[in-house]
Structure formats: C-alpha cells, structure tokens
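Undergrad: Below are the sequence and a predicted model for it; my questions follow.
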Amino acid sequence: MSVPGYQEFMYPILRKLGDNKEYRLKDLYSFIADEFNLSEEDIQLKLPSGRQSVLNNRVSWAKTYLTKAGLLKSVKRGVIAITDEGQQVLSDPEINKINRKFLLRYKNFREFQNQVPKEEKDIEITDEKEMTPLELIEENHRLLKNELQDELLDKIMSCSPTFFENLIVELIVSMGYGGSVQDAGKAIGKSGDEGIDGIIKEDVLGLEMIFLQAKRWNPDGAISRPEIQSFVGSLVGRQASKGLFITTAKFTKGAIEYAEKVDKRVILIDGQQLTDLMFNYNVGVVREMVFTTKKIDAEFFEE
C-alpha cells in the first residue's frame with residue numbers, strides 16, 4: 001500500500017499517547033509503520049527532494065497539527081505527550097477521526113492557520129480539494145513559515161541573553177543598518193545606562209542613532225504599558241528621538257497605543273515580527289529548496 005496522508009495519522013497518534021507516557025518523535029515513525037502495515041518500500045520512500053522519507057514527513061506534520069491545536073504538548077526537544085484536551089477527545093465516543101477541519105474548532109490552531117475570523121462563530125473552512133494547485137502551494141508555504149517561526153522562538157529562548165543580543169546585531173545589519181556587524185556590535189552591547197541596551201547606527205556614518213531595548217521574555221507573555229513608558233523615559237534622558245523595543249513576547253494593547261501617541265518615534269517589534277524579519281532577511285535560517293512555477297509567454301507565440 002502507499003503511505004497514507006498525514007491527516008489519517010492524527011487519531012492513531014493521539015490514541016497511542018493516550019497512555020500518558022512520553023514519546024519521542026522517532027517512536028511514532030515505527031508505531032505508524034506498524035499500525036498501517038507499511039512495507040519496507042513504503043517506509044523507505046523519499047520526498048522528491050530526497051532529504052526525508054514521506055512517512056517521517058507526514059508523521060511530523062500530523063504531530064505538529066495536533067500540537068498546534070493543543071491536543072499534544074512538547075515536553076522537551078523531540079519528546080511529546082498528550083494534554084488534558086487530547087484526553088477529552090479520546091474519551092468522546094463520537095470521535096474516531098481527526099483531520100484539519102476537526103482541528104479548526106480550536107482557537108490556537110486557527111491562529112496557526114491564520115484563519116481567525118472577526119467573529120469566532122463565523123469560520124469559513126476551505127477544503128484542500130477545492131483549492132487550485134497554486135493556492136495549495138501558497139497555503140503550504142505559509143504553514144511551513146509559521147512552523148519555522150515557532151521553532152525560531154523556541155531556539156532563541158533556549159540560547160543565552162548574549163546570543164540574543166548578537167542575533168539582534170545580525171538582523172539589524174542584514175536590514176541595512178549599523179554599517180557592519182563590527183560597528184553594530186560596538187554600538188549595541190549591554191550599556192546598563194538607564195534602560196538602554198544599546199545604540200544602533202541608522203546609517204553607515206552614524207549621523208542618526210536609534211536607541212534599543214531588547215527583552216527576551218516568554219513568547220506567551222506580554223510587555224505592558226509601564227515597560228514602554230520606562231523606555232520612553234530613557235529616551236528622554238538621552239535626548240533621543242528614536243527608539244526600538246524588541247522582544248520575543250507580545251505587546252498589550254495599552255503598550256501599543258502608548259507607543260503610537262508619544263512624541264518620540266518608538267517602534268515595537270514582538271516575537272512574531274522578529275521571526276518574520278529573520279525569515280525575510282535570512283538570519284538564523286537557510287534556504288532549503290526553491291520551486292519555480294512558469295506560465296506560457298503569450299508574446300513569444302505571437303506571429
């Protein structure tokens with residue numbers, strides 16, 4: 001038989017973890033292979049890129065979707081376990097299958113899919129079979145990017161504060177500021193000067209300066225208005241007109257509104273925006289593969 005789609009793996013994986021034990025991802029590869037009686041040929045089948053097996057790729061995505069919905073959780077790197085929500089699903093006799101449509105009932109999964117409507121009750125679910133090939137490419141590219149951004153935040157949080165500081169240097173230079181990594185590095189360092197973590201050259205010559213505060217906080221947390229007020233106070237003390245507050249967390253509505261109203265130019269970058277910039281400017285990520293789509297050149301065929 002051929003390797004089933006990743007959605008067919010979801011319920012069996014959840015059922016396997018229903019014993020409340022912790023499992024490694026590679027344990028699930030073997031479990032699914034046995035569960036679906038896959039042949040050795042099926043198990044060894046590779047993706048077109050040749051970098052990963054079809055089985056491992058689909059099991060990994062099934063695990064990712066279940067985790068994003070909150071039915072599974074990461075205990076530590078490469079180790080997962082079931083959540084209380086996952087156990088509730090297993091205890092419901094009416095549920096014997098899980099797919100993407102089912103998972104869209106969970107808010108966190110809808111956010112992962114970027115399908116949060118203005119009103120929670122008004123959810124439009126698009127069947128993958130109804131999408132055009134180009135729509136499927138764009139949809140899956142976005143999902144891959146979202147997953148990568150979450151992985152980037154996990155990586156950042158597992159590293160040291162010094163690494164985070166150096167990461168910011170790399171990002172700023174990649175965006176065209178600071179002149180060079182060496183110049184930006186000299187400018188940023190922990191100054192401990194009234195809440196200012198560093199100074200960034202806005203141009204190569206350093207004619208304009210941007211004052212920086214970087215906070216490596218829990219991605220699920222939020223920076224509130226008092227922290228931004230304190231930062232603005234630091235800018236006033238330095239007679240600075242521009243500030244950049246960058247964090248791995250989020251910002252409260254009050255913090256955002258305050259930053260927009262002050263007479264200083266204060267830019268707030270949260271964890272999502274940070275990883276989006278890292279993705280766009282190739283900081284901490286490498287290009288894996290490129291697909292090129294083509295269409296007919298109508299002018300070429302004109303006689």
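TA: Structure's in. What do you need? Since the structure is predicted, the reported quantities are computational estimates derived from the model, not experimental observations.

Undergrad: where exactly do the helices run in the stretch 1-150 of the chain?
TA: Listed in chain order, the helices of the stretch 1-150 of the chain (DSSP state H, counting those that start in this stretch) span 6-16, 25-35, 40-44, 54-68, 84-91, 100-103, 107-112, 133-158.

Undergrad: CSV please, covering those helices and showing distance to residue 169.
TA: C-beta here means a position set from N, CA and C on the backbone, and glycine is covered the same way. Shown next, in CSV, are the helices of the stretch 1-150 of the chain (distance: least, Cβ to Cβ, whole Å):
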stretch, distance to residue 169
helix 6-16, 38
helix 25-35, 33
helix 40-44, 44
helix 54-68, 31
helix 84-91, 40
helix 100-103, 39
helix 107-112, 30
helix 133-158, 14
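
Undergrad: Tabulate the ones you listed (JSON lines), appending mean neighbour count, mean pLDDT and distance to residue 280.
TA: Shown next, in JSON lines, are those (neighbours: other Cβ atoms under 10 Å; pLDDT from 0 to 100; distance: least, Cβ to Cβ, whole Å):
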{"stretch": "helix 6-16", "mean neighbour count": "20", "mean pLDDT": "95", "distance to residue 280": "27"}
{"stretch": "helix 25-35", "mean neighbour count": "16", "mean pLDDT": "93", "distance to residue 280": "29"}
{"stretch": "helix 40-44", "mean neighbour count": "12", "mean pLDDT": "92", "distance to residue 280": "36"}
{"stretch": "helix 54-68", "mean neighbour count": "21", "mean pLDDT": "91", "distance to residue 280": "22"}
{"stretch": "helix 84-91", "mean neighbour count": "14", "mean pLDDT": "96", "distance to residue 280": "34"}
{"stretch": "helix 100-103", "mean neighbour count": "17", "mean pLDDT": "91", "distance to residue 280": "27"}
{"stretch": "helix 107-112", "mean neighbour count": "16", "mean pLDDT": "86", "distance to residue 280": "19"}
{"stretch": "helix 133-158", "mean neighbour count": "14", "mean pLDDT": "82", "distance to residue 280": "10"}
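
Undergrad: between those, which gets nearest to residue 260?
TA: helix 107-112 (23.6 Å; Cβ to Cβ).

Undergrad: Distance from that closest one to the middle of the chain?
TA: 12 Å (Cα atoms, centre = their mean, to the nearest Å).

Undergrad: next one: stretch 21-28
TA: So, by Cα atoms, centre = their mean, the centroid of stretch 21-28 is 23 Å from its chain's centroid.

Undergrad: and if you look at stretch 19-37?
TA: Centroid separation for stretch 19-37 versus its chain: 25 Å, with Cα atoms, centre = their mean.

Undergrad: try stretch 151-159
TA: Centroid separation for stretch 151-159 versus its chain: 10 Å, with Cα atoms, centre = their mean.

Undergrad: Go ahead and name everything in contact with it.
TA: Stretch 151-159 has contacts (Cβ atoms under 8 Å, 6 or more residues apart in numbering) with 163-164, 167, 216, 218-219, 248, 271, 275, 278-279, 284-285.

Undergrad: biggest separation within the residues you listed, which pair?
TA: It's 218 and 285 that sit farthest apart of the contacts of stretch 151-159, by Cβ to Cβ, at 22.3 Å.
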